[in-house]
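**Student:** Structure, please.
(one chain, ligands or ions: 2)
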Amino acid sequence: MTLFLQGYTAFRQYVDSYFHSVPKKSEGVLKVGVLSTAMINGSGIIYPALTHPEVVLYAVASRDASKATYYASKYGFQKSYGSYEDLLADPEVDFVYISLPNSLHFEWACKSLEAGKHVLLEKPFTSNAREAAALVKKSKETGKVLLEAFHWQFHPQRISKKYGEIISTDAAMTSTPALPPGNIRWQYDLAGGSLMDMTYVLSFTRYALRASVPDAVLYAKATPSREDPRVDSAMQARLRFKRPNVDPRSDTKINFYNAMMPHIYHYIAITDKITGKTHYEQFYKGGPLWKERGESYWSTYRYQLEAFVDKVQGRHPVWWIDGDDSVQQMESIDAVYRQSGLPLRPTSTMLA
Ligand SMILES: NC(=O)C1=CN([C@@H]2O[C@H](COP(=O)(O)OP(=O)(O)OC[C@H]3O[C@@H](n4cnc5c(N)ncnc54)[C@H](OP(=O)(O)O)[C@@H]3O)[C@@H](O)[C@H]2O)C=CC1
Ligand SMILES: O=C1OC[C@@H](O)[C@H](O)[C@H]1O
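**Tutor:** Ligands and ions are numbered 1, 2, ... in the order given. Prediction:
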């Protein structure tokens, strides 16, 4: 299902970029370099960049130079590189979008920051909390912008009201079994696993509670994948958060439908528990977060790019996920893995 939504998002952004692309880019345009030819690139950066007046598709790098050349001509990048190092050595690149397997996020985000590039890094942030803390330290040392690409948080549907009811949560996290055996999500050495991939569930929960890390993981049960028992094909967990900033006696119950891909369709149902009345809200543009900004055809990824560019250009983004939050997200993931009895995802040799 999620793969279908991903495919649909890419297709719709392609069509939208055809009708809404920005023919003339503005002064001070940022040149993006993309590390890898991953499946997510279309939705995650290519189509969002086409409609952003301050971003141009500058370079793409692949482990295979001929793949990079083909990819560059297919999607309109100005340059292609046969290694990630070569792209980072290009002084023209202002920021990179990293869509490598999870296990390589730490290494290449570090190298990118060291090379003086701002970084938009795909989720999950790193393989584990140890890497996350080291990466955030690196971004502070270099003074470059670093953002975990939790696209859902940038869409106008994310309202600032507090959720009621949620004190602990049961979460079923699954990777679609339709994925073929070789997929990066099934490989332990690449930091695979459904908890890593569907990291959204923990992100939604922590966001809803305005919480940092769980006080305790009361229960965690992994369903091992057929290929490797260290890789979870599903994870179920019950978490307890200490002093969550939510009033459990709230008179309001809020239900978000499709918080992950709200640009396709979503609604927010707000029920008054006393009167039993429910009213529905939808925001495809504007809303409390973006006000007059945005377009109803923009995807979560497009809103994310808007905020990222604001930050890089020294403007104030309407929303931001700071490094500490990404570290706490990885600490939460680690805590669930520990309780489930599975090993943490391996730390990069660069750090070990
Ligand atoms: N935000 C979102 O909605 C989504 C985010 N993602 C995230 O994006 C990242 C990439 O996912 P996805 O698009 O499915 O990835 P893919 O498997 O499609 O691509 C990964 C790319 O990484 C490069 N790569 C480098 N080393 C390896 C290796 N050892 N094995 C395999 N590939 C390697 C390859 O590029 P090359 O050969 O060109 O060097 C490859 O194309 C993940 O971290 C994932 O969590 C994924 C989907 C949705
Ligand atoms: O981030 C993601 O969102 C969509 C899913 O299909 C995918 O597995 C995951 O990586």
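
**Student:** Against Ala132, how distant is Asp324?
**Tutor:** Distance of Asp324 to Ala132, given as Cβ to Cβ, to the nearest Å: 10 Å. C-betas here are computed from N, CA, C, even on glycine.

**Student:** who has more neighbours, these two?
**Tutor:** More neighbours surround Ala132 than the other of Asp324 and Ala132, with 26 against 12 (other Cβ atoms under 10 Å).

**Student:** Quick check: that one touching Lys123?
**Tutor:** No. Counting by Cβ atoms under 8 Å, Ala132 sits too far from Lys123 to count as a contact (11.6 Å).

**Student:** helix or strand for Ala269, which one?
**Tutor:** Ala269 is located in strand 267-272, with elements delineated by DSSP states H and E.

**Student:** next structured bit after that strand?
**Tutor:** strand 278-281.

**Student:** I'd like to know which elements that next one is packed against.
**Tutor:** The contact analysis (3 or more Cβ pairs under 8 Å, 6 or more residues apart in numbering; DSSP states H and E) places strand 278-281 against strand 267-272.

**Student:** Got phi/psi on the closest residue to ligand 1 within the stretch 151-300 of the chain?
**Tutor:** Nearest residue of the stretch 151-300 of the chain to ligand 1: Ile184, at 4.5 Å (Cβ to the nearest ligand atom). Main-chain torsions, Ile184, degrees, to the nearest 10: phi -60, psi -30.

**Student:** so what's it closest to, chain neighbours aside?
**Tutor:** Spatial nearest neighbour of Ile184, excluding adjacent residues (Cβ to Cβ, 6 or more residues apart in numbering): Pro101 at 4.4 Å.

**Student:** Run a quick neighbour tally on Thr51.
**Tutor:** 22.

**Student:** ignore the last one, Val29
**Tutor:** Residues lying near Val29 (other Cβ under 10 Å) number 15.

**Student:** go on, Gln304?
**Tutor:** Neighbourhood size, Gln304 [other Cβ under 10 Å]: 26.

**Student:** again with Gly182
**Tutor:** Using other Cβ under 10 Å, Gly182 has 8 neighbouring residues.

**Student:** quick one: pLDDT of it?
**Tutor:** Note on Gly182: pLDDT of 90.

**Student:** Could I get the phi/psi values of whichever residue of the stretch 251-352 of the chain sits closest to ligand 1?
**Tutor:** Nearest residue of the stretch 251-352 of the chain to ligand 1 (Cβ to the nearest ligand atom) works out as Tyr301 at 7.2 Å. Backbone torsions of Tyr301, given as degrees, to the nearest 10, read phi -70, psi -30.

**Student:** what sits against it?
**Tutor:** Contacts for Tyr301 (Cβ atoms under 8 Å, 6 or more residues apart in numbering) come out as 9, 13, 43-45, 47-48, 149, 151.

**Student:** can you give me the helices in the stretch 1-150 of the chain?
**Tutor:** Taking DSSP state H, counting those that start in this stretch to define them, one finds helices in the stretch 1-150 of the chain at 2-20, 41, 47-50, 65-75, 84-88, 105-114, 129-142.

**Student:** The last one and ligand 1, any residue contact?
**Tutor:** No. Contact check for helix 129-142 against ligand 1, using Cβ under 6 Å from any ligand atom: none in range, with a minimum separation of 13.2 Å.

**Student:** Report all helices and strands that that helix contacts.
**Tutor:** Packing partners of helix 129-142 (3+ Cβ pairs under 8 Å, 6+ apart): helix 105-114, strand 146-148, helix 323-340.

**Student:** Repeat the analysis, applying 10 Å as the threshold.
**Tutor:** Applying 3 or more Cβ pairs under 10 Å, 6 or more residues apart in numbering; DSSP states H and E, we find helix 129-142 packed against helix 105-114, strand 118-121, strand 146-148, helix 323-340.

**Student:** tell me the mean pLDDT over the shortest one?
**Tutor:** If I follow you right, that is strand 146-148. Summarised as a single mean, pLDDT over strand 146-148 is 98.

**Student:** same question, stretch 233-246
**Tutor:** Stretch 233-246 shows a mean pLDDT of 82.

**Student:** try stretch 119-128
**Tutor:** The pLDDT scores in stretch 119-128 average 98.

**Student:** Between the two ends of it, what distance do you get?
**Tutor:** The straight-line separation of the ends of stretch 119-128 (Cα to Cα, to the nearest Å) is 18 Å.

**Student:** wait, doesn't Pro229 sit right on Tyr188?
**Tutor:** Yes. With contact defined as Cβ atoms under 10 Å, Pro229 reaches Tyr188; the gap is 9.1 Å.

**Student:** how near is the spatially closest residue to Lys117 that is not a sequence neighbour to ligand 1?
**Tutor:** Nearest non-adjacent residue to Lys117, counting by Cβ to Cβ, 6+ apart: Val96, 4.9 Å away. Separation of Val96 from ligand 1 (Cβ to the nearest ligand atom, to the nearest Å) stands at 13 Å.

**Student:** number of nearby residues for the closest residue to ligand 2 within the stretch 201-350 of the chain?
**Tutor:** Distances between the stretch 201-350 of the chain and ligand 2 by Cβ to the nearest ligand atom are smallest at Met260, namely 7.0 Å. Number of residues near Met260 (other Cβ under 10 Å) recorded here: 18.

**Student:** again, but for the one 5 residues further on
**Tutor:** Summarising burial for Tyr265: neighbours were counted as other Cβ under 10 Å, giving 11.

**Student:** same deal with Gln236?
**Tutor:** Gln236 has 17 neighbours, counted by other Cβ under 10 Å.
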